[in-house]
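*Asks:* Have a look; sequence and predicted model below, questions after that.
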Amino acid sequence: MLFADQRHHSLTLPAKDSQGGRPTMAYLIGHLCEHVIQDTRKHLFVLDGHMLRILVLINDADWELEDEEKYELKAGDNILFVSTLHGG
């Protein structure tokens, strides 16, 4: 839905973010919201800077084990977003 029904995206991010550091998950989420998500309902993905009911896996591990939005992305990382919203 939010990603125009495309299940897989391969992205190339800059080696450095705007502050000169390595891109983090926070950077990736901002990039997705700004450049990839075409749906006007971006608030279903992120609201006030917080992920909403979405399980995030970094290389098959829960992102809570990887320092969440502070995780520094590496070449070849596999990031998976799984919605936990269910219709009622």
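*Replies:* The structure has been received and is ready for your questions.

*Asks:* Any regions of this structure where pLDDT drops low?
*Replies:* 1-5, 39-52, 85-88 (pLDDT under 70).

*Asks:* Quick one: the strands in it, in order.
*Replies:* 46-47, 50-51, 54-58, 61-62, 79-83 (DSSP state E).

*Asks:* neighbouring contacts of the fourth one?
*Replies:* Outside strand 61-62, the residues that touch it by C-beta atoms under 8 Å, 6 or more residues apart in numbering are 55-56. Where C-beta positions appear, they are placed from N, C-alpha and C, glycine not excepted.

*Asks:* picking that back up, of the strands of the chain, which stretch is the most buried?
*Replies:* With neighbours taken as mean count of other C-beta atoms under 10 Å, these reach their highest mean count in strand 54-58, at a mean of 17.

*Asks:* next one: it to chain centre, how far?
*Replies:* 8 Å (C-alpha atoms, centre = their mean, to the nearest Å).

*Asks:* same check, this time on stretch 26-39
*Replies:* For stretch 26-39 - counting by C-alpha atoms, centre = their mean - the centre lies 7 Å from the chain centre.
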